[in-house]
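Novice: Sequence and predicted structure are below.
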Amino acid sequence: MSTVTGPMQDTTFLDNLSYTAQPAVLVSAILPDDVKFGDDPLDELSALADTAGLTVVGRVYQNLKQISPRTYIGSGKVTEIAQLVAQTGAKVVVFDNELRANQQKALEEEIKASVIDRTELILRIFHQHARTRQAKVQVALAQLEYELPRLKNLWSHLERQRGSLSAVGGAGERQIETDRRLLRKRIHRMQEELDVINRRRKIEVERRSELFQVAIVGYTNAGKSTLMNALTNEGVLAEDKLFATLDTRTCVWKLPDHKVLLSDTVGFIRNLPHRLVASFHATLEEVLQADLLLHVVDASHSAATEMVAAVNTVLKELGADDRRVLMVFNKIDLVRDQPTLTHLHNLYPDHIDVSAVTGVGLRELERRVQEVVEERETRIDWTFGAGNGRLMAFLKQHGKILEMDFDDSDRVRVRALIEPRFLGQAQALRDA
């Protein structure tokens, strides 16, 4: 396991870990019930490895009937990986599975290289990309919770120096207990700090409730940030890498007759570690408060259907599976597999095809979102004094004026659409 060996400092193991340009071998252990994901089961792990800074020098696959309690994979495959590591000079072996601490330890002893699993790799990427205090605390908390059950491996070298793993009161055992207490204290402090940040974040999101709220969700690298830039010209970071940004960005999106708040959220991924889902719950507060979700899908990807299912799983875990959703099939200009796209269209009739890069479908997307906004609006037909400029300005800002007629008695009749949330304020201005 890639960790530091020494008394626990006020850092996580990832603070001391660098993957820059290290050669790596990727391993996929495929179980009978595993869902097929794309043409090559290691394509996504390869992209994750690239994002983390690893250089992939080999791939190993094994179809498993059952997991080995000691090494996860079969002994013959372990030998094959060890030989590949020796041939390629790989420093890291990455499993596209979640390993237990004892399995990592046994694999490292036999393979003679650092062994990490999918969860640790994702944690590493989140650690690299965290920018705000909120994101850093969320990632650190997830790291610490991942590290806690693995402390024994960090200190087993001290017990081996004493000649017995069962030595009572051994240096390693004492250090494990000390580190465990320190780690739990740090976890508690992180949770307290995150609670404060979460409460502040929730208040901020609720204060925005005056405007219709739209949140962009989707699988990582589906083109969410590129789409947000195309719709708002906000200049959100958009890279062809997984998890290019972890922080939710929110800005005003001007539709033809309305203004809405548009939020770009962190990308989802299959088998997203539960620790991260829990830690990033506050970051995804925009999803929970949204009036409409734009579920962006990379329609050109061979695993598009599976990606949709993975996102839906996380939305359900967040408690956001009851939100109104408009499916946005992005990268339509790159689609080569028309049957898959047709299948997606049939599965999700409420959809729109777009290309955030070329601009295809963006105006239609604006129109569709405006329709959703107006579905929620109340139609009013009011007659009031033409001198009531405050009411007129309010209706123009928060509604859509359909018709306006002045009569000879200096009164005006206004037919308009207005969201229910603004109706009370408008009535108060009318009756003032």
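Specialist: Yes, it's here.

Novice: what's the spacing between residue 260 and residue 367?
Specialist: According to C-beta to C-beta, to the nearest Å, residue 260 and residue 367 sit 13 Å apart. C-betas here are computed from N, CA, C, even on glycine.

Novice: the more surrounded of those two?
Specialist: The residue with more neighbours, out of residue 260 and residue 367, is residue 260; 19 against 12, by other C-beta atoms under 10 Å.

Novice: Report the distance from the host helix or strand of that one to the chain centre.
Specialist: Secondary structure assigned from DSSP states H and E places residue 260 in strand 259-264. Average the C-alpha atoms of strand 259-264, do the same for its chain, and the two points are 18 Å apart (C-alpha atoms, centre = their mean, to the nearest Å).

Novice: Could you count how many residues lie near residue 112?
Specialist: Under the criterion other C-beta under 10 Å, the count of neighbours that residue 112 has is 12.

Novice: isn't there a strand covering residue 409?
Specialist: No - assigned with DSSP: H, G, I helix; E, B strand; the rest coil, residue 409 falls outside any strand and is coil.

Novice: What's the separation between it and residue 432?
Specialist: With the distance defined as C-beta to C-beta, residue 409 ends up 19 Å from residue 432.

Novice: Name the nearest residue to residue 345, sequence neighbours excluded.
Specialist: Take residue 345 and drop its neighbours on the chain: the residue closest to it by C-beta to C-beta, 6 or more residues apart in numbering is residue 351, 6.2 Å away.

Novice: what's near enough to touch that neighbour?
Specialist: With C-beta atoms under 8 Å, 6 or more residues apart in numbering as the criterion, the residues that contact residue 351 are 326-329, 344-345.

Novice: Top of those residues by number of neighbours, please.
Specialist: Neighbour max across the contacts of residue 351 (other C-beta under 10 Å) = residue 328, 29 neighbours.

Novice: wait, residue 95 sits on residue 115?
Specialist: Yes - look at residue 95 against residue 115 with C-beta atoms under 8 Å: they come within range, at 7.1 Å.

Novice: where exactly do the strands run in the stretch 201-350 of the chain?
Specialist: Assigned by DSSP state E, counting those that start in this stretch, the stretch 201-350 of the chain shows strands spanning 212-218, 249-254, 259-264, 292-298, 325-330.

Novice: How about the stretch 1-150 of the chain?
Specialist: Counting by DSSP E, counting those that start in this stretch, residue ranges of the strands within the stretch 1-150 of the chain are 23-30, 55-63, 92-95, 114-117.

Novice: Now distance to residue 309 too, for the ones you listed, in JSON lines please.
Specialist: As requested, the strands of the stretch 1-150 of the chain are arranged in JSON lines below (distance: least, C-beta to C-beta, whole Å):
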{"stretch": "strand 23-30", "distance to residue 309": "18"}
{"stretch": "strand 55-63", "distance to residue 309": "22"}
{"stretch": "strand 92-95", "distance to residue 309": "22"}
{"stretch": "strand 114-117", "distance to residue 309": "22"}
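
Novice: closest to residue 334 out of those strands?
Specialist: When the strands of the stretch 1-150 of the chain are compared for distance to residue 334 using C-beta to C-beta, the nearest one is strand 55-63, at 23.3 Å.

Novice: any low-confidence regions in this structure?
Specialist: Low-confidence segments of the chain, defined by pLDDT under 70, are located at 1-20, 151-173, 205-210, 235-247, 273-283, 285.

Novice: the domain parsing of it - what is it?
Specialist: In terms of domains, the chain is parsed into 13-181, 211-373, 377-431 (source: automatic domain parsing).

Novice: now the ones you listed in JSON lines, with distance to residue 194?
Specialist: JSON lines is the format used below for those (distance: least, C-beta to C-beta, whole Å):
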{"stretch": "domain 13-181", "distance to residue 194": "5"}
{"stretch": "domain 211-373", "distance to residue 194": "7"}
{"stretch": "domain 377-431", "distance to residue 194": "30"}
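
Novice: Nearest to residue 192, out of these?
Specialist: Ranked by C-beta to C-beta, the member of these that lies closest to residue 192 is domain 13-181, at 10.1 Å.

Novice: Kindly confirm my reading that residue 352 is in a strand.
Specialist: Yes - using three-state DSSP, the assignment for residue 352 is a strand.

Novice: Give the burial count for it, as a bare number.
Specialist: In terms of burial, residue 352 registers 18 neighbours under the definition other C-beta under 10 Å.

Novice: check contacts around it.
Specialist: Residue 352 is in contact with 326-329, 361, 364-365, 368, counting by C-beta under 8 Å, 6+ apart.

Novice: let's see 6 Å
Specialist: Counting by C-beta atoms under 6 Å, 6 or more residues apart in numbering, residue 352 makes contact with 328, 361, 364-365, 368.

Novice: and which of these is nearest residue 199?
Specialist: Using C-beta to C-beta, residue 328 is the member of the contacts of residue 352 that lies nearest residue 199, at 31.8 Å.

Novice: how many neighbours does residue 428 have?
Specialist: The local packing count at residue 428 equals 11, with neighbours defined by other C-beta under 10 Å.

Novice: Likewise for residue 299?
Specialist: For residue 299, which is what you asked about, the neighbour count (other C-beta under 10 Å) is 26.

Novice: Just want the phi and psi numbers for it.
Specialist: The phi/psi pair for residue 299 (degrees, to the nearest 10) reads phi -70, psi -10.

Novice: How about the one 3 residues further on?
Specialist: Backbone geometry at residue 302, expressed as degrees, to the nearest 10, gives phi -70, psi -20.

Novice: Surely residue 91 and residue 25 touch.
Specialist: No - taking contacts as C-beta atoms under 6 Å, residue 91 lies outside contact range of residue 25: 9.4 Å.

Novice: Settle it for me: which of those two has more neighbours?
Specialist: Set side by side, residue 91 and residue 25 show more neighbours around residue 25, with 26 against 18, by other C-beta under 10 Å.

Novice: can I assume that one is in contact with residue 58?
Specialist: Yes - in this structure residue 25 lies within contact range of residue 58 using C-beta under 6 Å: 4.2 Å.

Novice: Spell out which residues are contacts of both of these two.
Specialist: Common neighbours of residue 25 and residue 58 (criterion: C-beta under 6 Å, 6+ apart): residue 84.

Novice: Can you list the neighbours in contact with stretch 257-269?
Specialist: Judged by C-beta under 6 Å, 6+ apart, the contacts made with stretch 257-269 from elsewhere in the structure are 208, 211-217, 219-220, 224-225, 228, 236, 243, 246, 248-250, 252-253, 284, 286-287, 311, 314, 370, 373, 400.

Novice: Would you mind checking those residues for buried ones?
Specialist: 211-217, 219-220, 224-225, 228, 236, 243, 246, 248-250, 253, 284, 286-287, 311, 314, 370, 373, 400 (16 or more other C-beta atoms under 10 Å).
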